[in-house]
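**Q** Sequence first, then the predicted structure, then my questions.
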Amino acid sequence: MQYEVIIAGFGGQGTLYAGQVLAYGGMDEGRHVTWLPSYGPEMRGGTANCTVVISDDEIGSPTSLHPTAVIAMNLPSLDKYEPMVKSGGWLIVNEDLVNRVPDREDINIVMVPANTIAREIGNERAANMVLLGALEANLQILPEGAIEKSLEVNTGEKLKKFVHLNIEAMRRGAEYKL
C-alpha cells in the first residue's frame with residue numbers, strides 16, 4: 001500500500017516537522033519513505049508544505065499530483081490543495097484557521113479545532129500534532145503507537161521536553177476519527 005500525504009500551512013505552524021514525524025515513523029516501521037519539503041524564503045508567515053510518501057514498495061516519485069490525504073492548516077492551503085485530493089481520499093482541516101466548509105463531496109473531510117485543542121493542552125504550537133493525530137486515526141498509515149514511539153526515539157535532546165505534549169496532542173486529534 002502507498003500513502004501520499006501533503007501537509008500545508010504557513011511558516012511557523014510546524015508543517016515540515018509534522019511531515020518529518022510521519023516520515024520517521026514510516027522509516028522506523030521499515031517502510032519506504034520520502035519527505036519533500038517546500039517553503040518560501042520567509043521563516044515565519046510564508047507558505048510551507050511537505051509531501052510524505054510511505055509505501056510497502058519502492059517509491060517512484062517523491063511528489064504527488066493527487067495525494068491520498070492533505071492536512072490543510074490554514075485557508076490558503078485548503079484553497080490550493082482541496083482540488084488535488086484523490087477521489088475517496090482524506091482532507092484534514094484546521095477549522096480554527098479556515099472560514100469555510102470544503103466543497104468536495106467525493107472525499108472524506110475531517111474538521112478539527114486544532115489550535116483550540118493545542119491551547120487546551122498547554123501549547124498552541126502543537127496544533128500540527130493534533131492534525132497529525134487525526135490523520136493517523138483515520139487512515140491508519142502505520143501501526144498504532146508507531147508515531148508516538150518514533151517521536152520518543154527520534155527527538156533530539158533539546159526538544160525531548162515536548163515529546164509528551166506532542167503525544168497528548170496526537171491523542172486528542174485521534175478523537176476526530178470518522
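**A** Now that the structure is in, tell me what you want to look at.
**Q** and the residue most central in space within the chain, how far is that from E152?
**A** With distances taken as CA atoms, centre = their mean, L132 lies nearest the centre of the chain, 4.1 Å away. Using CB to CB, to the nearest Å, we find L132 at a distance of 15 Å from E152. No exception for glycine: its C-beta is placed from N, CA and C like everyone else's.
**Q** just to revisit the earlier point, my read: the residue nearest to the centre of the chain touches R172, true?
**A** No: using CB atoms under 8 Å, L132 is not in contact with R172, being 11.0 Å away.
**Q** Please report the distance of R104 from T63.
**A** Computed with CB to CB, the distance linking R104 and T63 is 21 Å.
**Q** Give me the three-state assignment for the closest residue to T155 other than its chain neighbours.
**A** Leaving aside its sequence neighbours, T155 sits nearest to V163 (CB to CB, 6 or more residues apart in numbering; 5.3 Å). Secondary structure assignment for V163 (DSSP: H, G, I helix; E, B strand; the rest coil): helix.
**Q** count of neighbours near V163?
**A** 15 (other CB atoms under 10 Å).
**Q** Going along the chain, name the strands of this protein.
**A** 2-10, 32-39, 47-55, 69-72, 90-94, 108-112 (DSSP state E).
**Q** Give me the sheet partners of the shortest one and which way each runs.
**A** Read that as strand 69-72. strand 2-10 (parallel), strand 90-94 (parallel) (DSSP bridges).
**Q** to the chain's geometric centre, what's the distance from the first one?
**A** This means strand 2-10. Distance of strand 2-10 from its chain centroid, counting by CA atoms, centre = their mean, to the nearest Å, is 6 Å.
**Q** Measure how it sits relative to strand 32-39, angle-wise.
**A** Orientation of strand 2-10 against strand 32-39 (axes from the mean of the first three to the mean of the last three CA atoms, to 10 degrees) gives an angle of 20 degrees.
**Q** Report the contact partners of the residue nearest to the centre of the chain.
**A** By CB atoms under 8 Å, 6 or more residues apart in numbering, the contact set of L132 is 7, 18, 21-22, 71, 147, 170, 173.
**Q** wait, doesn't I59 sit right on T34?
**A** Yes: using CB under 8 Å, I59 is in contact with T34, at 5.4 Å.
**Q** ok, the two, which is more surrounded?
**A** Comparing I59 with T34 by other CB under 10 Å, the one with more neighbours is T34, at 19 against 14.
**Q** could you check the distance from E124 over to E175?
**A** Distance of E124 to E175, computed by CB to CB: 18 Å.
**Q** Compare these two and say which is more crowded by neighbours.
**A** Neighbour count, other CB under 10 Å: between E124 and E175, E124 has more, with 15 against 12.
**Q** per-residue pLDDT, that one?
**A** Listed pLDDT for E124 reads 93.
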